[in-house]
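Enquirer: This is a predicted model, with the sequence first.
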Amino acid sequence: ASENGLSPVRIFREQLLLERLHSVNRYSYYLYRLFDPSIPWDEKQNYLLDYEEDYAPYKVRLWSLLAPERYRCLYDNKLVFNRFFGSLGFPLAKVYGVYDPVHGLTTDGGNLRDAPNLRDWLRASGVQEFVFKPVEGTQGHNVLVFTGRAADDPDKLLAINGDVYDAERLIASTNDDAALKAGNPGADTRSYLIEQRIRQHPELRGLVGEVLCCIRVQTIVTLEGVPKIIAAVLKLQPNSVGVDHLIHGAIGAWVDLDSGTLGKGRTRAHLDYISTIPGANRPFVGFQVPCWPEVRDLAVRAAAAFPWVRSVGWDIAVSEGGPVLVEGNERWSTSLIQMPAPHGLMTGEFKALYEALSEGERS
């Protein structure tokens, strides 16, 4: 209220009116800064709602309309995702194997089911850098990024945050699966993908550091069957936690779809906009995302590869060699996109698609 010179009573009254007339809940009203007087009343109705619960009924219905349950495995299972899109020639990280206490195998057929198997693979493969992440993970939980081996013991791995792991500690970490179960109910929490670490483009390293920061590119397949980009946000992670999710302290910065330059950002820590990298005081507004035309092309081609899923949030990294497809999120975050956005998503072709699918569900 003080920021915009408004009385708390006026803000409270507007929030109640939006909730009563247009079902805009209190959480969304403040999360998306709809109290900002520069946002016209009509545009305040164009935001997809959000809720504190990860699987609130509104979110589940939205996801189910756009990505029917029968197609979820293609995106939810990271090995299936890698195999499908890799078979079509998309640029992806190389998979070294899957750790699983029952089914674990390396790509050359060796067992990868316990700590001795993992230690044998580490010694034989010579792989120095890799990512260890749940096959059916979500929100960056339990992802570990390793940047090399300890100088005094090649059996010990150095994580990006400075921690040291041996094979036993790494396997033991898979038992801590409470966050995985909460974030993706029903997921198999025993299986972990071991894949190539993607090194970030030098211009992004200079801006934000070593943690791989993906661009979330939101696509739809329109009613006419045309894949289109409707929004993009670059996730900026200044902390050495290994993942770029906002719940782990990252910033989501709006990307102008035409130019690929960054606008202001938001975090989950507060309601204010951000324009500099915390701790480094480096401004990012106006920064040009490297390889932006190639990023756009990759997202559109990925959306066209499986058009039965009508909206996906693609995580695309810009590596030293160009854009790489990291993940496709069929249960994508409305708040990641809309928090830094200059407008809500429920407009234009997305709104037409949502209304047509909703009508089809009712008929």
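Expert: Structure received.
Enquirer: from memory residue 62 sits against residue 332, does it?
Expert: No. Residue 62 lies out of contact with residue 332 (Cβ atoms under 8 Å); the separation is 9.3 Å. For glycine as for every other residue, the C-beta is placed from the backbone atoms N, C-alpha and C.
Enquirer: Skipping adjacent residues, who's closest to residue 278 in space?
Expert: Excluding the flanking residues, the one nearest residue 278 by Cβ to Cβ, 6 or more residues apart in numbering is residue 238, at 5.6 Å.
Enquirer: tell me the secondary structure for that neighbour?
Expert: Counting by DSSP: H, G, I helix; E, B strand; the rest coil, the backbone at residue 238 sits in coil.
Enquirer: Just the pLDDT for it.
Expert: We have a pLDDT of 92 for residue 238.
Enquirer: residues contacting it?
Expert: Neighbouring residues of residue 238 by Cβ atoms under 8 Å, 6 or more residues apart in numbering: 208-209, 211, 249-251, 277-280.
Enquirer: hmm, 7 Å instead?
Expert: 208-209, 277-280 (Cβ atoms under 7 Å, 6 or more residues apart in numbering).
Enquirer: Could you report the neighbour count for residue 193?
Expert: Counted with other Cβ atoms under 10 Å, residues neighbouring residue 193 total 25.
Enquirer: Give me the sheet partners of the host helix or strand of it and which way each runs.
Expert: In this assignment (DSSP states H and E), residue 193 forms part of strand 192-196. According to DSSP bridges, strand 192-196 has the following sheet partners: strand 95-99 (antiparallel), strand 130-134 (antiparallel).
Enquirer: Export these as CSV, with columns for distance to residue 198.
Expert: Shown next, in CSV, are those (distance: least, Cβ to Cβ, whole Å):
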stretch, distance to residue 198
strand 95-99, 13
strand 130-134, 8
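Enquirer: looking at those strands, which is buried most?
Expert: Most buried of the strands paired with strand 192-196 by mean neighbour count (mean count of other Cβ atoms under 10 Å) is strand 130-134; its value is a mean of 23.
Enquirer: From the chain's centroid, how far away is that strand?
Expert: Distance of strand 130-134 from the chain centroid (Cα atoms, centre = their mean, to the nearest Å) equals 15 Å.
Enquirer: repeat for stretch 203-219
Expert: On the basis of Cα atoms, centre = their mean, stretch 203-219 is displaced by 11 Å from the centre of the chain it belongs to.
Enquirer: Now the terminal residues of it, how far apart.
Expert: This stretch, stretch 203-219, spans 25 Å end to end (Cα to Cα, to the nearest Å).
Enquirer: in that stretch, what counts as buried?
Expert: Neighbour-count burial for stretch 203-219, counted by 16 or more other Cβ atoms under 10 Å, picks out 204, 207-209, 211-219.
Enquirer: One more: stretch 306-326?
Expert: 306, 309-319, 323-326.
Enquirer: repeat for stretch 87-103
Expert: Applying a neighbour-count criterion of 16+ other Cβ under 10 Å, one finds 90-93, 95-100 buried in stretch 87-103.
Enquirer: No further queries at this time; thank you.
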